[in-house]
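Novice: Predicted model, plus sequence, below.
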Amino acid sequence: LLHLMLRNRRDHGGRSARESGLALADKARQLLEPQRHTAEGAARWFEARYSLAYLRYRSWFYDADLVGQDWLPQARKEFAECIVDRAADKVQGVDAMLDYGMLLVREDIDVNEGIRWLSEVIQTLEPQPRAPADEDDWRPDTAPDPALALAYVYRAHALCMQDQNDRAIPDLDAAAALNPWFPAVWYWRATIE
C-alpha cells in the first residue's frame with residue numbers, strides 16, 4: 001500500500017503531495033532497515049530507498065527554487081547506493097538504473113556515466129519482442145518491457161546532447177521497433193531532423 005501511494009504521489013499533485021510522499025518514503029526506509037538482511041526485506045528495503053531517491057529528485061526537478069540545492073546531490077548519492085546494493089539482481093534494479101541514468105543526463109552531471117547506466121538497462125532487458133505492425137494487434141501480455149524503449153530513447157537523448165545524432169538514430173529506430181506509438185521516439189527524430 002505504501003509503495004502504491006509513493007508511485008501515485010511522486011509526479012502528481014503539488015509540492016505538499018511530494019513532501020508527504022518523501023515523509024512516507026523516509027519512514028518506510030527507517031521501518032524496513034532492520035529487515036534488509038532477509039531476502040524479502042532486502043527487496044522492500046531497495047524499493048523504499050529507490051522511491052526516496054526518486055521522490056527527492058523529482059521534488060528537486062519540480063521545485064528546484066524551493067527545496068534547496070542539496071536535494072539533487074543527495075538523490076544522486078541515494079540512487080548510486082541503491083544500484084550498488086542490487087548489482088546482483090539487475091532485473092529488479094532496472095527502474096533505478098533507468099532513473100539514475102536519466103538524472104545524470106538531464107541534469108548534465110555526467111552524460112557519459114548516464115549513457116553507461118542506460119546501456120546497462122538495455123543489455124539487461126534485451127532481447128524483447130518487437131511491436132506488431134498494426135496497433136490493434138498490440139497485446140499487453142506479449143508486449144516488450146516499456147523500460148526498454150524508454151532506455152533507448154533516453155540514451156538517444158543523451159547522445160543528441162553530445163551532438164552525436166548519427167549514434168542516436170539507431171537507438172530511436174530500436175525504440176520505434178519496440179513501441180512505434182511512443183511519442184518521445186518521434187519527438188527526438190524530429191529534433192534531430
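Specialist: Right, received. Where do you want to start? Numbering: from 1, shown residues only.
Novice: Now do the helices in this structure.
Specialist: Using DSSP state H, the helices of the chain run over 2-9, 15-32, 39-67, 71-85, 94-106, 111-125, 146-161, 165-178, 183-192.
Novice: Pick out the shakiest of these, pLDDT-wise.
Specialist: Mean pLDDT across the helices of the chain is lowest at helix 2-9; the value there is a mean of 52.
Novice: what about the helices of the chain, which gets the closest to Ala133?
Specialist: Closest to Ala133 of those is helix 165-178 (C-beta to C-beta; 10.8 Å). In this view, the C-beta of every residue, glycine as well, is placed from N, C-alpha and C.
Novice: on that earlier part again, just send the helices of the chain back as a markdown table, with distance to Ala131 and mean neighbour count too.
Specialist: Compiled in a markdown table, those are given as follows (distance: least, C-beta to C-beta, whole Å; neighbours: other C-beta atoms under 10 Å):
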| stretch | distance to Ala131 | mean neighbour count |
| --- | --- | --- |
| helix 2-9 | 25 | 15 |
| helix 15-32 | 33 | 17 |
| helix 39-67 | 27 | 19 |
| helix 71-85 | 29 | 18 |
| helix 94-106 | 19 | 23 |
| helix 111-125 | 15 | 19 |
| helix 146-161 | 9 | 23 |
| helix 165-178 | 6 | 19 |
| helix 183-192 | 11 | 15 |
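Novice: With distance to Pro132 added, can I get these in JSON lines?
Specialist: Converted to JSON lines, these look like this (distance: least, C-beta to C-beta, whole Å):
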{"stretch": "helix 2-9", "distance to Pro132": "29"}
{"stretch": "helix 15-32", "distance to Pro132": "37"}
{"stretch": "helix 39-67", "distance to Pro132": "32"}
{"stretch": "helix 71-85", "distance to Pro132": "34"}
{"stretch": "helix 94-106", "distance to Pro132": "24"}
{"stretch": "helix 111-125", "distance to Pro132": "19"}
{"stretch": "helix 146-161", "distance to Pro132": "14"}
{"stretch": "helix 165-178", "distance to Pro132": "11"}
{"stretch": "helix 183-192", "distance to Pro132": "16"}
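Novice: Between those helices, which one is closest to Asp136.
Specialist: helix 165-178 (17.5 Å).
Novice: Nearest the geometric middle of this protein, what residue?
Specialist: The centroid of the chain falls nearest to Asp99 when counting by C-alpha atoms, centre = their mean (2.5 Å).
Novice: wouldn't it be in contact with Tyr54 here?
Specialist: Yes: using C-beta atoms under 8 Å, Asp99 is in contact with Tyr54, at 5.7 Å.
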